[in-house]
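Visitor: Output the structure for:
(2 chains)
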Amino acid sequence: RLLTMNDSPISAHQPPPAKYGGRHTVTLIPGDGIGPELLNHVRELFRFCCVPVDFEVVTVDSSVVSEDEINNAVTAIRRNGVALKGNIETNHNLPPSHKSRNNLLRTSLDLYANVMHCQTLPGVQTRHKDIDIIIIRENTEGEYSSLEHENVPGVVESLKIITRVNSLRIAEYAFKLAREKGRRRVTAVHKANIMKLGDGLFLQCCKEVAAGYPDIAFDNMIVDNTTMQLVSKPQQFDVMVMPNLYGNVVSNVCAGLVGGPGLVPGANYGKNYAVFETATRNTGKSIANKNVANPTATLLASCLMLDHLGLVDYASMIRKAIFKTLSETRLHTADIGGLATTSEVVQSIMREVQKTGPLTSEYI
Amino acid sequence: PQGLSGARLQPLCVRSLSLTSSRNALESPPARADSTFKVTMVPGDGVGPELMTAVKEVFKAGDVPVEFEEFHLSEVQNMASEEKLNEVLGSMKNNRVAIKGKIHTPMEYKGELASYEMRLRRKLDLFANVVHVNSLPGYSTRHNNLDLVIIREQTEGEYSSLEHESVAGVVECLKIITREKSRRIAKFAFDYATKKGRSKVTAVHKANIMKLGDGLFLQSCAEVAELYPKIKYENIIIDNCCMQLVQNPYQFDVLVMPNLYGNIIDNLAAGLVGGAGVVPGESYSAEYAVFETGARHPFAQAVGRNIANPTAMLLSAANMLLVLSPQNQCVSVCVSLCVCVSQVRTRDLGGYSTTGDFVRAVVANLRHRPVY
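Guide: I've put the predicted structure just below:
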């Protein structure tokens, strides 16, 4: 049946379009930098654990000017409904009309909500403890509209677009998610004292939606105060919802608080599609192919994907193994202060999985 | 057409040379031993008036030859009007140095998109905001021995107050970046770094998404960087910058950026060293200098409760004194002495002292200073 925004709870979605004989097909976009090697590890791990997921690999070359490759990728995701991707590099030497491929993907598929769950992970040394924040970021409009022009030479106008429809949509998503996860409070982050009409509209939409959820407390905070509070007392935040650019800044700050870009997975949800990647979307060009990248973020993102597909048991099995491995300091990669290589970490995760159950394809 | 398409160096347009000279030393009359400096004071909203009282007490105790001309300009208390604004501007033109608190910007849209604070900045053309992020001696946070300078372009960017709703339910906010202003702030940053003996300037941007806008900013910074071969120039995207600041802030030295990113990074960095109560800042134009706190918040919840931390405002006042009369170093010494030696800590730093306690401690220190 036709599921409208208002009546579909987030967890009960349409049956995935590419499931046959119990096996799902998922689009895989390797991206650039550390993407390909980490996604290979994901495939290895899935094969080892006998996860019933097949990957359809679609490469997108970042140096090509034509948009055919990214359109192919978009079509592939439309076919399968779910994707796992690495970050596609945006080449700065090409003219400004060459849009960011990642951005094109998000807007074509209307993946309007970017969800990042930031938790203090056991075994990782950080300056802050007990952080558990869900950040919901509007993913399609705001400052990322790519609408810029130079009317007068030397004067550039960049447009930031805020619409009522999208703001209501993201606020609905945030409150629904908060209710589903049993969260108590949603904080809207904005700068409505300066951008009175734009962020004012966003804030107003959030307030309207909040009125329909009396069991969840709603407050708001200006983005500059938010960043200051995040670095001094991050434990005060529960669920946060915000427009695109502030979401980018706040999610990176939170990733830094819990241990860095190698640990946090992110998910982009639309009405019909879902794409999973690392939360801070780094290409990691400088550490590519050196076997030093931290696979945790990508592996946790693949667990989020398994949750979305309904393969909850596999997801929790892999997640438990990842956390067990993380708690051992000698298996920390360089970004969290250790000396282990990527393959050592993945091998250890596979061993953990083997210990917990008979669902493995071969013995290590 | 001219613009970003060409990669060649655009000649820096002819500008008045007063920028560098007046930032280094205000063209003040030669300092006589008995001269009093007149300074414009705008207490602002929230705890502003309390902090200004603290400054006045400390200056009186230190026999500082400064006379304050007060103006109460406030949007939320309905004390703002064009005449008031013009009075303040007139006073500024005479005195050229001011100390101010935060003039709060109300959230509701009352028909005027630009707040009084923004208009003051634009009329005085205070294009550069400098925030000194230094760890306080004696107060340890999660990051110690931090020494950053954050330079923020203050007149254009996202704060252009140009918004409209062309279609019902769709709002467009314009972010303006101009080559001239980007060059100006970049030159300010490099000149500042040269003057203070800093080795690296990092430009913060989001040019992967806002290719034309932040691309222009980045290009301007790169062009100006070529004139300063002794200073290292780098750039970093705002999201990565925030993450690096949280994990390893020691890699940064001087940061330069457009308006909104500056706001966010100022506050983030202030949070790293102890909060909005400990970071001083100042704003410069070619002719004027305005001293204020680094992270600008009215802190209305603390009004009347005597709990606000006056450190930021006192440090800023001390900086002002250094600019007005470089020999008078006593105030800055005393404030920092106070924090580490007497351990007088206000609420925000985890102690129980009141604003009054702190001011009294600073005053006591000043009274007992060795007189040369």
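Visitor: so what's residue B:89 up against?
Guide: B:120, B:123-124 (C-beta atoms under 8 Å, 6 or more residues apart in numbering or on different chains). Bear in mind the C-beta positions are built from the backbone N, C-alpha and C, glycine included.
Visitor: closest to chain A among those?
Guide: Closest approach between the contacts of residue B:89 and chain A, by C-beta to the nearest C-beta: residue B:120, at 14.5 Å.
Visitor: Which pLDDT value goes with the closest one?
Guide: pLDDT recorded at residue B:120 is 88.
Visitor: Tell me how many other residues crowd it.
Guide: By the criterion of other C-beta atoms under 10 Å in any protein chain shown, residue B:120 has 21 neighbours.
Visitor: pretty sure it is in a helix, no?
Guide: Yes - under DSSP: H, G, I helix; E, B strand; the rest coil, residue B:120 falls within a helix.
Visitor: Now do the contacts for it.
Guide: B:73, B:85, B:88-89, B:103, B:126.
Visitor: Quick check: residues of the stretch 251-372 of chain B near chain A?
Guide: Within the stretch 251-372 of chain B, the positions lying close to chain A (C-beta under 8 Å from any C-beta of the partner chain) are B:260, B:263-264, B:266-268, B:270-272, B:275-276, B:295, B:297.
Visitor: lowest-pLDDT helix or strand in chain B?
Guide: helix B:18-24 (a mean of 40; mean pLDDT, DSSP states H and E).
Visitor: quick one: buried residues of the strand ranked longest in chain A?
Guide: The longest strand of chain A (DSSP state E) is strand A:155-163. The neighbour-count check on strand A:155-163 (16 or more other C-beta atoms under 10 Å in any protein chain shown) flags A:155-163 as buried.
Visitor: would you turn the residues you listed into CSV with pLDDT?
Guide: Shown next, in CSV, are the buried residues of strand A:155-163 (pLDDT from 0 to 100):
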residue, pLDDT
A:155, 92
A:156, 92
A:157, 91
A:158, 90
A:159, 90
A:160, 91
A:161, 92
A:162, 93
A:163, 94
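Visitor: Can you pull the residues of the stretch 51-200 of chain A lying near chain B?
Guide: Within the stretch 51-200 of chain A, the positions near chain B by C-beta under 8 Å from any C-beta are A:90, A:92, A:95-96, A:100, A:103, A:127-128, A:143-144, A:146, A:148-150, A:153-165, A:191-198, A:200.
Visitor: picking up where we left off before, could you identify the least confident member of the contacts of residue B:120?
Guide: Among the contacts of residue B:120, residue B:73 carries the weakest pLDDT, at 83.
Visitor: which SS state does that residue fall under?
Guide: Going by three-state DSSP: residue B:73 is coil.
Visitor: Could you measure from it over to chain A?
Guide: Residue B:73 is 17 Å from chain A, where distance means C-beta to the nearest C-beta, to the nearest Å.
Visitor: so that residue sits right up against residue B:80, yeah?
Guide: Yes - with contact defined as C-beta atoms under 8 Å, residue B:73 reaches residue B:80; the gap is 5.7 Å.
Visitor: So what's the gap between stretch A:272-287 and the chain middle?
Guide: In terms of C-alpha atoms, centre = their mean, to the nearest Å, the centre of stretch A:272-287 is found 7 Å from the chain centre.
Visitor: could you give me the average pLDDT of it?
Guide: When pLDDT is averaged along stretch A:272-287, the result is 91.
Visitor: What is the end-to-end distance of that stretch?
Guide: 34 Å (C-alpha to C-alpha, to the nearest Å).
Visitor: hmm, it touching chain B?
Guide: Yes - using C-beta under 8 Å from any C-beta, stretch A:272-287 reaches chain B at A:280, A:282.
Visitor: residues of stretch B:357-368 that come out buried?
Guide: Using 16+ other C-beta under 10 Å as the test for burial, stretch B:357-368 gives B:357-363, B:365-366.
Visitor: now the strands: where do they sit in chain B?
Guide: So, for chain B - with DSSP E - the strands run B:37-42, B:66-70, B:97-100, B:128-134, B:147-153, B:163-167, B:170-178, B:200-205, B:232-237, B:254-257, B:280-284, B:289-293.
Visitor: Show me what the third one is packed up against.
Guide: So the one you mean is strand B:97-100. Helices and strands touching strand B:97-100, by 3 or more C-beta pairs under 8 Å, 6 or more residues apart in numbering or on different chains; DSSP states H and E, are strand B:37-42, helix B:48-61, strand B:289-293, helix B:311-324.
Visitor: looking at those, which is buried most?
Guide: Ranked by mean neighbour count under mean count of other C-beta atoms under 10 Å in any protein chain shown, the helices and strands packed on strand B:97-100 are led by strand B:289-293, which reaches a mean of 26.
Visitor: Output the below-cut-off pLDDT ranges for the stretch 251-364 of chain A.
Guide: A:357-364 (pLDDT under 70).
Visitor: rewinding a little: most neighbours, which of the contacts of residue B:120?
Guide: Highest neighbour count within the contacts of residue B:120, by other C-beta under 10 Å: residue B:103, with 27 neighbours.
Visitor: number of nearby residues for residue B:153?
Guide: Neighbour tally, residue B:153, other C-beta under 10 Å: 27.
Visitor: what sits against it?
Guide: Residue B:153 makes contact with B:127-129, B:181-182, B:185, B:256-259, B:262 under the criterion C-beta under 8 Å, 6+ apart.
Visitor: now residue B:170, nearest residue through space, not along the chain?
Guide: Nearest residue to residue B:170, sequence neighbours excluded (C-beta to C-beta, 6 or more residues apart in numbering or on different chains): residue A:163, at 4.6 Å.
Visitor: next one: residue A:243
Guide: Nearest to residue A:243 is residue A:142, by C-beta to C-beta, 6+ apart, at 4.2 Å.
Visitor: So the residue of the stretch 201-350 of chain A found nearest chain B versus residue A:207, what's the distance?
Guide: At 3.3 Å from chain B, residue A:256 is the closest residue in the stretch 201-350 of chain A, using C-beta to the nearest C-beta. Distance, residue A:256 to residue A:207, using C-beta to C-beta, to the nearest Å: 30 Å.
Visitor: Skipping adjacent residues, who's closest to residue B:75 in space?
Guide: Among residues not flanking residue B:75 along the chain, residue B:116 sits closest, at 5.0 Å (C-beta to C-beta, 6+ apart).
Visitor: In chain A, which residue is most central in space?
Guide: Compute the mean C-alpha point of chain A, and by C-alpha atoms, centre = their mean the closest residue is residue A:266, 1.9 Å away.
Visitor: Counting by contacts, list what the helix or strand in which that residue is found packs against.
Guide: Here residue A:266, judged by DSSP states H and E, is contained in strand A:265-269. Secondary-structure packing of strand A:265-269 (3+ C-beta pairs under 8 Å, 6+ apart): strand A:113-119, strand A:274-278, helix A:296-309.
Visitor: got the angle between it and helix A:296-309?
Guide: Taking axes from the mean of the first three to the mean of the last three C-alpha atoms, to 10 degrees, one finds strand A:265-269 and helix A:296-309 inclined to each other by 40 degrees.
Visitor: Need the CA coordinates for strand A:265-269. PDB is fine.
Guide: C-alpha atoms of strand A:265-269 as PDB (Å, rounded to 0.1, in the frame of the first residue of the first chain):
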ATOM      1  CA  PRO A 265      28.900   5.100  11.400                       C
ATOM      2  CA  GLY A 266      26.300   7.200   9.700                       C
ATOM      3  CA  ALA A 267      23.100   6.500   7.800                       C
ATOM      4  CA  ASN A 268      21.100   8.500   5.300                       C
ATOM      5  CA  TYR A 269      17.400   7.800   5.100                       C
END
